[in-house]
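>>> my questions are about this predicted structure, shown below with the sequence.
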Amino acid sequence: MDKRKLTIGHLYPDLLNLYGDRGNIQCLKKRCQWREIEAEVICYEIDDPIDFSKLDLVLLGGGSDREQMLVRDKLQEIREDFREYVESGGVVIAICGGYQLLGNYYDTEDGRIEGLGIIDLETERGKDYRLIDNIVLESELSSMPVVGFENHGGRTNIKNNRPFGKVIYGSGNDGKSGYEGVIYKNVIGTYLHGPLLPKNPEICDYLIKKALERKYGETIELKKLDDREEKEANEYIYQRFKGKVSKPQNQEQLV
Ligand code: GLN
């Protein structure tokens, strides 16, 4: 059988790349490579045309409010193609600023940033403090807890959508609902930076599996990898935070 191949599109890494979101790309590549799956990464700068029909997995990273404003117009231009990609089962991992931009809008202190409107969710800037802390979740997509770090001013209302996880420690979507992120078709939107995928290998494999299944039209069983170190690190974070209550820091921090 020919070697399987995935094409990963990294959207606007110059503008949307906070706290090591790029590490997610490295992790996807590495876990593909260990299984002899070829992974090609295409980085798109703001003026590059994007042919979504060539992509199997899309990463949209986090960004400051200012950077989100800068990509807004571009996103409106690619909106229909992006929507079609998602509706046809295209795999997307969208982090923080990127997650907010998949929704209808993000209301900031400097006005509204229109989102792609691909998922029916909305974000408003919190009036008091940013939600900054480590975070631990329970997610239907992973047998291990999902661990990461969050730093956002926005409070997201996912309405009737499915959350990515239930918060065990941290704030999540809005600091109140007890839920974090969203799952919509083959899209995961989440506030977890960190980077997310090296810390949570099952989530990484979930994305790879979904992307391969869509591309090759068959059920894929991924070869198991030796994740002892990842599991140990994950367990350490889980033990450190479980049962504790997060107190988001009340500080003005630039994101
Ligand atoms: N600027 C957005 C917020 O503060 C997203 C931040 C981020 O991507 N870390 O909510």
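Cool, got the structure. Residues are numbered from 1 along each chain as shown.
>>> tell me how far stretch 217-228 lies from the chain's centre.
21 Å (C-alpha atoms, centre = their mean, to the nearest Å).
>>> start at 7, not 1
With 7 as the first residue, the last one maps to stretch 223-234.
>>> can you list contacts of that stretch?
Under the contact criterion C-beta atoms under 8 Å, 6 or more residues apart in numbering, stretch 223-234 has outside partners 37, 40-41, 207, 211, 214-215, 218-219. For glycine as for every other residue, the C-beta is placed from the backbone atoms N, C-alpha and C.
>>> what's the answer for stretch 38-55, then?
Residues outside stretch 38-55 that contact it (C-beta under 8 Å, 6+ apart): 9-21, 31, 34-35, 56, 60-61, 76-77, 80, 214, 218, 228-229, 231.
>>> tell me if stretch 103-115 is near the ligand.
Yes - contact between stretch 103-115 and the ligand, assessed by C-beta under 6 Å from any ligand atom, occurs at residue 103.
>>> could you list the buried residues of that stretch?
With burial defined by 16 or more other C-beta atoms under 10 Å, the residues of stretch 103-115 counted as buried are 103-112, 114.
>>> spatially, which two of those are the most separated?
Within the buried residues of stretch 103-115, two members stand farthest from each other by C-beta to C-beta: 108 and 114, at 16.3 Å.
>>> shouldn't residue 170 be in contact with residue 145?
Yes - the pair residue 170 / residue 145 is scored as a contact, 5.8 Å apart, by C-beta atoms under 8 Å.
>>> now list whatever residues contact both of these two.
Where contact means C-beta under 8 Å, 6+ apart, the residues bridging residue 170 and residue 145 through contact with each are residue 152.
>>> picking up where we left off before, need the buried residues of stretch 103-115 in TSV (columns: secondary structure).
Conversion of the buried residues of stretch 103-115 to TSV gives the following (DSSP: H, G, I helix; E, B strand; the rest coil):
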residue	secondary structure
103	helix
104	helix
105	helix
106	helix
107	helix
108	helix
109	coil
110	coil
111	strand
112	strand
114	strand
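>>> can you redo these as TSV with pLDDT?
Written out in TSV, the entries for these read as follows (pLDDT from 0 to 100):
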residue	pLDDT
103	95
104	96
105	97
106	97
107	97
108	98
109	98
110	98
111	98
112	97
114	94
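>>> closest one of these to the ligand?
Within those, proximity to the ligand (C-beta to the nearest ligand atom) peaks at residue 103, which comes in at 3.3 Å.
>>> residue 68 versus that closest one, what's the distance?
Computed with C-beta to C-beta, to the nearest Å, the distance linking residue 103 and residue 68 is 4 Å.
>>> ranges for the strands of the stretch 7-156 of the chain?
For the stretch 7-156 of the chain, applying DSSP state E, counting those that start in this stretch gives strands covering 11-17, 44-50, 63-66, 97-101, 111-114, 117-120, 128-131, 137-144, 152-158.
>>> only alpha carbons, please: show the helix or strand hosting residue 216 as PDB.
Taking DSSP states H and E as the definition, residue 216 sits inside helix 207-222. Listed next in PDB are the C-alpha coordinates belonging to helix 207-222 (Å, rounded to 0.1, in the frame of the first residue of the first chain):
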ATOM      1  CA  PRO A 207      -1.400  12.900  22.700                       C
ATOM      2  CA  GLU A 208      -4.900  11.300  22.500                       C
ATOM      3  CA  ILE A 209      -6.300  14.600  21.100                       C
ATOM      4  CA  CYS A 210      -3.500  14.800  18.600                       C
ATOM      5  CA  ASP A 211      -4.200  11.200  17.500                       C
ATOM      6  CA  TYR A 212      -7.900  12.000  17.300                       C
ATOM      7  CA  LEU A 213      -7.200  14.700  14.800                       C
ATOM      8  CA  ILE A 214      -4.900  12.500  12.700                       C
ATOM      9  CA  LYS A 215      -7.400   9.700  12.700                       C
ATOM     10  CA  LYS A 216     -10.300  11.900  11.600                       C
ATOM     11  CA  ALA A 217      -8.200  13.500   8.900                       C
ATOM     12  CA  LEU A 218      -7.100  10.100   7.500                       C
ATOM     13  CA  GLU A 219     -10.600   8.700   7.700                       C
ATOM     14  CA  ARG A 220     -12.000  11.600   5.700                       C
ATOM     15  CA  LYS A 221      -9.300  11.500   3.100                       C
ATOM     16  CA  TYR A 222      -9.200   7.700   2.600                       C
END
